[in-house]
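**Q** Got a sequence here, can you build the structure:
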Amino acid sequence: MASTKTMQGAGRAEEAHLSEATVLVASDGARRTLTLNRPAALNSFTGAMHRELLAALEAAAADASVRCVVITGAGRAFCAGQDLADPDMVGDVDVGAVIERCYRPLALRVRSMPVPVVAAVNGVAAGAGANLALCCDIVLAARSASFIQAFSKIGLVPDCGGTWLLPRLVGRARALGLAMTADKLPAEQAERMGLIWQCVDDAALHESVAALAQRLCALPSRALAETRRVLDASMALDLGDALALEAAAQRDLGHAHDFKEGVAAFFAKRAPQFKDR
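**A** Take a look at the predicted model:
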């Protein structure tokens, strides 16, 4: 048995390790919460944070017990975008290479998770931080939060999927206005224009996200992930091709456990127990 002194030392070492982590991982039942953890820098992205966040997403995707992922930020911000002081951004940097190495894999992983992904935007979400949130399936934001497409202020275009997401979420006119002016968009206005799902009082954010995650955990994960996939894919299709895509998805889901369980539960007037993922 370790001595008290040894155990205290181990505890301090663990606390130090957690404080150094740029992404904190916590589980509550089937919900996995990933917290961006650079509060002093408004959770701005570094190479280390990219590696830790992508690894945490991959781990959640591989864990059959996870049925919903929540991404949020520590402190007073969600994410302020790229940390321009990070070594990856110093000197004559190839910004395109940074996108290919860091932001492209991150956006693609979020959009292909086998479970729903919720963004809990607790404060400012700027630049790539705003578009990371918008990559998620459902965005809940505190009333004091805001979204800023800050790229034009430093001579760049929206990244982390922003050029694809913005016109699809709010239309070309609003997408261009947000991207070109880089104006701060309050969460309430973001909800009104359809950029995000819901704006809630600051004090209610945690409870609202927990309630939503609990609902999503109880729903058929595979069907939810397929819903995301076919909705995204249908944007590039005509009606006939979209109908064919729907039929293919329904064919696969119709042979799966969750469809049979859902129908059985409906007729038995009981709560379904979904398992597919």
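
**Q** Can you show me the strands along the stretch 101-250 of the chain?
**A** Taking DSSP state E, counting those that start in this stretch, the strands of the stretch 101-250 of the chain run over residues 117-121, 124-126, 138-142, 146-148, 184-186, 198-200.

**Q** can you tell which of the ones you listed is closest to Leu243?
**A** Nearest of those to Leu243, taken as C-beta to C-beta: strand 138-142 at 25.8 Å. The C-beta positions use only the backbone N, C-alpha and C, and glycine is treated the same way.

**Q** what's the angle from the closest one to strand 117-121?
**A** Strand 138-142 and strand 117-121 are oriented at 20 degrees to each other (axes from the mean of the first three to the mean of the last three C-alpha atoms, to 10 degrees).

**Q** Which other helices and strands does strand 138-142 contact?
**A** strand 117-121, helix 187-192, strand 198-200, helix 205-218 (3 or more C-beta pairs under 8 Å, 6 or more residues apart in numbering; DSSP states H and E).

**Q** For Met49, which non-adjacent residue is closest in space?
**A** Thr22 (4.0 Å; C-beta to C-beta, 6 or more residues apart in numbering).

**Q** Is it correct that Phe151 is in contact with Asp159?
**A** Yes. Contact criterion C-beta atoms under 8 Å: Phe151 and Asp159 qualify, at 7.0 Å.

**Q** Between those two, which contacts overlap?
**A** Common neighbours of Phe151 and Asp159, using C-beta atoms under 8 Å, 6 or more residues apart in numbering, are Gly127.

**Q** I'd guessed Cys136 sits against Val115; true?
**A** No. With contact defined as C-beta under 8 Å, Cys136 does not count as touching Val115 (11.5 Å).

**Q** can you pull the contacts of Leu106?
**A** His50, Leu53, Leu54, Leu57, Leu132, Cys135, Cys160.

**Q** What is the nearest of those residues to Met235?
**A** Using C-beta to C-beta, these come closest to Met235 at Cys135, 14.9 Å.

**Q** Neighbours of that closest one, how many?
**A** Cys135: 25 surrounding residues under other C-beta atoms under 10 Å.

**Q** Okay, it and Arg101: tell me how far apart.
**A** Going from Cys135 to Arg101 by C-beta to C-beta, to the nearest Å gives 17 Å.

**Q** what's the answer for Arg31, then?
**A** 30 Å.

**Q** Looking at those two, which is more packed in?
**A** Arg31 (21 against 13).

**Q** Return the distance of that one relative to Ile148.
**A** 28 Å.

**Q** same check, this time on Gly162
**A** On the measure of C-beta to C-beta, Gly162 and Ile148 end up 11 Å apart.

**Q** and what of Leu54?
**A** In terms of C-beta to C-beta, Leu54 sits 24 Å off from Ile148.

**Q** quick one: low-confidence ranges for the stretch 151-277 of the chain?
**A** Residues of the stretch 151-277 of the chain meeting the criterion pLDDT under 70: none.

**Q** Could you check how far Ala80 is from Met49?
**A** 12 Å.

**Q** got it, and Ser144?
**A** Computed as C-beta to C-beta, the Ser144 to Met49 distance reads 23 Å.

**Q** Which of those two has more residues huddled nearby?
**A** Using other C-beta under 10 Å, the more surrounded residue of Ser144 and Met49 is Met49, with 23 against 16.

**Q** And the pLDDT for the more buried one?
**A** Predicted confidence (pLDDT) for Met49: 97.

**Q** repeat for Glu15
**A** For Glu15, the predicted pLDDT is 40.

**Q** now Ala10
**A** 41.

**Q** if we can go back for a sec, quick one: mark the members of the contacts of Leu106 that sit in helices.
**A** Using DSSP state H, His50, Leu53, Leu54, Leu57, Leu132, Cys135 are the members of the contacts of Leu106 that sit in helices.

**Q** Mind picking the one among these that's closest to Asp201?
**A** Leu132 (23.2 Å).

**Q** which residues touch the residue lying closest to that closest one once chain neighbours are set aside?
**A** Distances taken as C-beta to C-beta, 6+ apart put Cys160 closest to Leu132, at 5.6 Å, once the chain neighbours are dropped. Listed by C-beta under 8 Å, 6+ apart, the contact partners of Cys160 are Tyr103, Leu106, Ala107, Gly127, Ala128, Asn131, Leu132, Cys135.
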